[in-house]
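Novice: Below are the sequence and a predicted model for it; my questions follow.
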Protein chains: 2
Amino acid sequence: MKSLKIGKQTIRFLSAPSLVAAASVVGPKEGRGPLSQHYDIILDDPINHTESYEMAEHTMLLQACKHCLTKANMQEEQIDLILGGDLLNQILSTTLTARELQRPFIGLYGACSTMAESLLMGSICVDGGYAENALCAVSSHYCTAERQFRYPLEYGNQRTPAAQWTVTGAGAFLISHTQHSPVCIPCGTIGKVMDYQIKDANNMGAAMAPAAADTLAAHFQDTGRTPKDYDHIFSGDLGKVGSDLLKNLMKQKGYALIEDNYTDCGLMVFDPKDDVHAGASGCGCSAVVLSAYILDKIRIGAWKRVLFMATGALMSTTSSQQGESIPGIAHAIVLEHREDGMK
Amino acid sequence: MKSLKIGKQTIRFLSAPSLVAAASVVGPKEGRGPLSQHYDIILDDPINHTESYEMAEHTMLLQACKHCLTKANMQEEQIDLILGGDLLNQILSTTLTARELQRPFIGLYGACSTMAESLLMGSICVDGGYAENALCAVSSHYCTAERQFRYPLEYGNQRTPAAQWTVTGAGAFLISHTQHSPVCIPCGTIGKVMDYQIKDANNMGAAMAPAAADTLAAHFQDTGRTPKDYDHIFSGDLGKVGSDLLKNLMKQKGYALIEDNYTDCGLMVFDPKDDVHAGASGCGCSAVVLSAYILDKIRIGAWKRVLFMATGALMSTTSSQQGESIPGIAHAIVLEHREDGMK
């Protein structure tokens, strides 16, 4: 058996599976943001005409999955595997979505890194021949995340300057062996849990930055590449505080992440005048930016090679209350433009 | 690329990866149970000399991982991937364990089905060549689960007859391409989320039984096998209520699950006089029975082929409070004795 390991944390996908379709659904606030024109569906109501924000998040994720299949011209029965997760306890939104879709389901949890985690595991399953079509799906919702991780919205607490605003958004991505596409996934890097003893649950950027730096450095060491080998590098939701920290940490490791080709998805969803403080966060943040913006650029060949790294703060209210620090993790995948994948 | 799909939900592992080592750690109550002599480590204190039950669960899982590596005579650095999860919100125990071990980490959530889910994904990664050594690890703790999902223990609520007792236990399993073993994993079946509208969070057996029946029937249909093709079939933690329901549901589907070769792990951990009502549950339930009992039987060749199916109730306190029913899921793997794996 051939080993597909590259270095210590990176794995090669020999067939470079195609990312054939993607769909994004966002809430009204996100829908007014800078990427407004790029989203597939913009909800007219944050509760999505359901009776709770949790059901709103679930139905939004289901809409993303169904829209992705429509774009791929594929039936639900053709999906071999759904891989996904969200921020809710027991990944409620994704579980209920998998209940609706009635396809084999692997539940994942990597906090906001789940977007890259699901694409990594989906690529493994399709590249290895264990699935022909894998649907990778994640979501987050501002109102469910706030009341679960912080305070009920009704409490009206003041947000700290380092706080980020959880994106109300869902993304679904179809990785396929049967369909071809100009976007393929040739390799990825699996992250380790890093903890620099940050204990402020309102400063997730700082908690996640060390993990992002660790994964990024591991990727460059494993592949022998540098930031210049990528048309663009995206981190998931480090926000202003975290992405500045990442640049510093990478500089210490000998890599220059320059404005020219590095951006954080958390700085792209909301307008500065939206008063979201340090930026956007949530599984949905990197998911909708990837689906609505990044993939299009790769599809048309404007970018030939992109590194997409989603970051997660692995906190729980219990661990915070017990005085534990916030561990972080980051997973990365490489996305490439493939000429022969054009239809 | 060769498709490794068998039927609709089952996948083949061409190399039949070796399950080279396993370790079990249990709490004092479990340590007094019928499998007492088989566990690797029995804690003398349910809080494991830490300051909270959550830290007890985490340290117990870490002990299981380290003991598993010791049994395999392997260093932490040789592990390419940790795949695991637990029942705590944001899979806290596993995250903190991955933080200690400093190896690439994929977080999973499938409630009590996580044991089989991690072995499935671990087998995919090793069989496909994406990892040489994958450590699959899960845990549960009675005291953390009760206070998170039901009531604080101090409240002293009365348990209903259908209630199950969450096992305080952790299991770690090493799937390897570099070491050989008499226990191998030739295939597995990935489950779908099933929901028969059970809303009683104290009757998880009933909530999980339909998913167990669905996965079991899918496995038999995909492989063309019947229960008689297995020396033994184990479900994870259906308990008395759920396993009786599973037998009935399978009978309706045309398969006879007879006492002769079908048992539920939830009926094996505690003594009937322990007053645990419908039996044991939790990720740790099937994990410690698999590690401490089932694998030994396969290792010595007493059983040549076993079907191990872990079941999960995908409830959250939020969904229960909102009146949602409890979705269930079950994943299965086949474990076989391999003569040429004997050292």
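Specialist: That came in fine, so what should we check first?

Novice: quick one: low-confidence ranges for the stretch 1-150 of chain A?
Specialist: Across the stretch 1-150 of chain A, the ranges flagged by pLDDT under 70 are A:1.

Novice: Going by proximity to chain B, name the top residue of it.
Specialist: Chain B sits closest to residue A:128 of the stretch 1-150 of chain A, with a gap of 3.3 Å, by CB to the nearest CB. (Glycine included, C-beta is placed from N, CA and C.)

Novice: What's the local residue count around that residue?
Specialist: For residue A:128, the tally of surrounding residues (other CB atoms under 10 Å in any protein chain shown) stands at 26.

Novice: list the contacts for it?
Specialist: Applying CB atoms under 8 Å, 6 or more residues apart in numbering or on different chains to residue A:128 gives the contacts B:4, B:124, B:127-130.

Novice: Same list (those residues) but as a markdown table, adding secondary structure.
Specialist: Listed next are those as a markdown table, based on DSSP: H, G, I helix; E, B strand; the rest coil:
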| residue | secondary structure |
| --- | --- |
| B:4 | coil |
| B:124 | helix |
| B:127 | helix |
| B:128 | coil |
| B:129 | coil |
| B:130 | coil |
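
Novice: Next up, phi/psi of the residue of the stretch 1-150 of chain A closest to chain B, please.
Specialist: Phi and psi for residue A:128, reported as degrees, to the nearest 10, are phi -80, psi -10.

Novice: Please enumerate the strands of the stretch 201-343 of chain A.
Specialist: A:232-235, A:262-264, A:280-281, A:305-313, A:328-337 (DSSP state E, counting those that start in this stretch).

Novice: Which stretch among those is buried most, on average?
Specialist: strand A:280-281 (a mean of 32; mean count of other CB atoms under 10 Å in any protein chain shown).

Novice: that older thread, which one of the strands of the stretch 201-343 of chain A lies nearest to chain B?
Specialist: Closest of the strands of the stretch 201-343 of chain A to chain B is strand A:328-337, at 6.5 Å (criterion: CB to the nearest CB).

Novice: So is that closest one next to chain B?
Specialist: Yes - residues of strand A:328-337 contacting chain B under CB under 8 Å from any CB of the partner chain: residue A:329.

Novice: Which other helices and strands does that strand contact?
Specialist: On a contact count with 3 or more CB pairs under 8 Å, 6 or more residues apart in numbering or on different chains; DSSP states H and E, strand A:328-337 meets helix A:114-127, strand A:183-189, helix A:204-223, helix A:295-299, strand A:305-313.

Novice: Could you dump these into JSON lines and include distance to residue A:156?
Specialist: As requested, the helices and strands packed on strand A:328-337 are exported to JSON lines (distance: least, CB to CB, whole Å):
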{"stretch": "helix A:114-127", "distance to residue A:156": "29"}
{"stretch": "strand A:183-189", "distance to residue A:156": "41"}
{"stretch": "helix A:204-223", "distance to residue A:156": "21"}
{"stretch": "helix A:295-299", "distance to residue A:156": "38"}
{"stretch": "strand A:305-313", "distance to residue A:156": "23"}
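
Novice: Pick the most buried one from the ones you listed.
Specialist: Per stretch, and counting mean count of other CB under 10 Å, the top mean among the helices and strands packed on strand A:328-337 goes to helix A:114-127, which has a mean of 30.

Novice: any idea which helix or strand comes after it?
Specialist: strand A:133-140 (DSSP states H and E).

Novice: which residues touch the next helix or strand after that following strand?
Specialist: Remark: after strand A:133-140, the chain's next helix or strand is helix A:142-149, criterion DSSP H and E. Contacts with helix A:142-149, where a contact means CB under 8 Å, 6+ apart, come from A:27, A:29, A:46-47, A:53-54, A:56-57, A:87-89, A:93, A:152-153, A:165-168, A:201, A:282, A:315, A:317, B:318.

Novice: Among the residues you listed, which ones are in helices?
Specialist: Under the assignment DSSP state H, these contribute A:29, A:53-54, A:56-57, A:93, A:317, B:318 to helices.

Novice: Adding neighbour count and distance to residue B:175, write those residues out as a markdown table.
Specialist: Formatted as a markdown table, these follow (neighbours: other CB atoms under 10 Å in any protein chain shown; distance: CB to CB, whole Å):
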| residue | neighbour count | distance to residue B:175 |
| --- | --- | --- |
| A:29 | 20 | 45 |
| A:53 | 23 | 39 |
| A:54 | 27 | 35 |
| A:56 | 24 | 39 |
| A:57 | 34 | 34 |
| A:93 | 31 | 30 |
| A:317 | 15 | 33 |
| B:318 | 18 | 34 |
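
Novice: okay if I get the strands of the stretch 201-343 of chain A as TSV plus distance to residue B:231 and mean pLDDT?
Specialist: Converted to TSV, the strands of the stretch 201-343 of chain A look like this (distance: least, CB to CB, whole Å; pLDDT from 0 to 100):
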stretch	distance to residue B:231	mean pLDDT
strand A:232-235	50	98
strand A:262-264	54	97
strand A:280-281	50	97
strand A:305-313	42	98
strand A:328-337	39	98
